[in-house]
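Participant: need a structure here:
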Amino acid sequence: MGRQVCGADPHGRGDEVKFTATPLPGAFVIDVDALTDERGFFARTVCAEEFAHHGLNAHFVQQSVSWNLRAGTLRGMHYQAAPHEEDKLVRVTRGAVFDVILDLRRDSPAFGRWFGVELSTDNRRQLYIPRGVAHGFQTLVAETEILYEMTEPFQPASARGLRWDDPDLAIGWPQCAERIISEKDKGLPLFAQCFDK
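Facilitator: Below is the predicted model of the structure:
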């Protein structure tokens, strides 16, 4: 009997994980193909075989949740420095965010460039963030929760960040009535202070 791969359905239904490459190499927007019926839906979110086919690491060793009370909450731009760099898979389990990644890999053709995408409970979209890429988000609605899956345990000594409003990066954050940012994130360095173009 042949082996059934992830996403292969003998009845011809969906339940696939769909990968769309972003302008940042190794970063993918991931959409699920939900199987729906009168009860609701079922959808696969991760398949190690399909991730490996796209060169992605699906060996997640730690999960974290970020819950945000108010719309306009901005966190970022965060990353872990070597030797504790991590790959991350991010999805929204409640609410909606504008999710942003920033390429910090000097050997990347997208070095210093950013990409943003809306993640929400409605679109069930995920974002795969490779190591060497910073991450941040702004909540679009109140009471938003984000699930992180990481390939490396968090190491406080390796935690780094860059300013969300760096004029050289010109990240296109959505307009909002009030933006809520921690004092720590407000004090993060500019890109030019950490990286030479």
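Participant: which residues touch the residue nearest to P130 when sequence neighbours are not counted?
Facilitator: Leaving aside its sequence neighbours, P130 sits nearest to G26 (Cβ to Cβ, 6 or more residues apart in numbering; 3.8 Å). No exception for glycine: its C-beta is placed from N, CA and C like everyone else's. Contacts for G26 (Cβ atoms under 8 Å, 6 or more residues apart in numbering) come out as G55, L56, Y128, P130, V133.
Participant: Could you dump these into CSV and include secondary structure?
Facilitator: Below are the contacts of G26 laid out as CSV (DSSP: H, G, I helix; E, B strand; the rest coil):
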residue, secondary structure
G55, coil
L56, coil
Y128, strand
P130, coil
V133, strand
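Participant: who wins for neighbours among these?
Facilitator: Highest neighbour count within the contacts of G26: V133, with 27 neighbours (other Cβ atoms under 10 Å).
Participant: Which strand or helix spans the nearest residue to it once chain neighbours are set aside?
Facilitator: Spatially, and ignoring its direct neighbours in sequence, V133 is nearest to I101 (5.0 Å; Cβ to Cβ, 6+ apart). Applying DSSP states H and E as the criterion places I101 in strand 96-103.
Participant: State the next helix or strand along the chain beyond that strand.
Facilitator: Per DSSP H and E, the first helix or strand lying C-terminal to strand 96-103 is strand 114-120.
Participant: helices or strands up against that next one?
Facilitator: The helices and strands touching strand 114-120, judged by 3 or more Cβ pairs under 8 Å, 6 or more residues apart in numbering; DSSP states H and E, are strand 88-94, strand 96-103, strand 126-129.
Participant: Okay, now the sheet partners of the shortest one, with direction.
Facilitator: The reference is to strand 126-129. The strands beside strand 126-129 in its sheet (DSSP bridges) come out as strand 28-32 (antiparallel), strand 88-94 (antiparallel).
Participant: Now tabulate those in a markdown table and tack on distance to F115, mean neighbour count and mean pLDDT.
Facilitator: A markdown table is the format used below for the strands paired with strand 126-129 (distance: least, Cβ to Cβ, whole Å; neighbours: other Cβ atoms under 10 Å; pLDDT from 0 to 100):
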| stretch | distance to F115 | mean neighbour count | mean pLDDT |
| --- | --- | --- | --- |
| strand 28-32 | 9 | 20 | 95 |
| strand 88-94 | 13 | 21 | 98 |
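Participant: CSV please, covering the ones you listed and showing distance to D107.
Facilitator: Shown next, in CSV, are these (distance: least, Cβ to Cβ, whole Å):
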stretch, distance to D107
strand 28-32, 19
strand 88-94, 20
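Participant: From V90, how far off is F19?
Facilitator: 15 Å (Cβ to Cβ, to the nearest Å).
Participant: again with V61
Facilitator: Between V61 and V90 the distance is 16 Å, computed by Cβ to Cβ.
Participant: With R39 instead?
Facilitator: In this structure, R39 and V90 are 27 Å apart, going by Cβ to Cβ.
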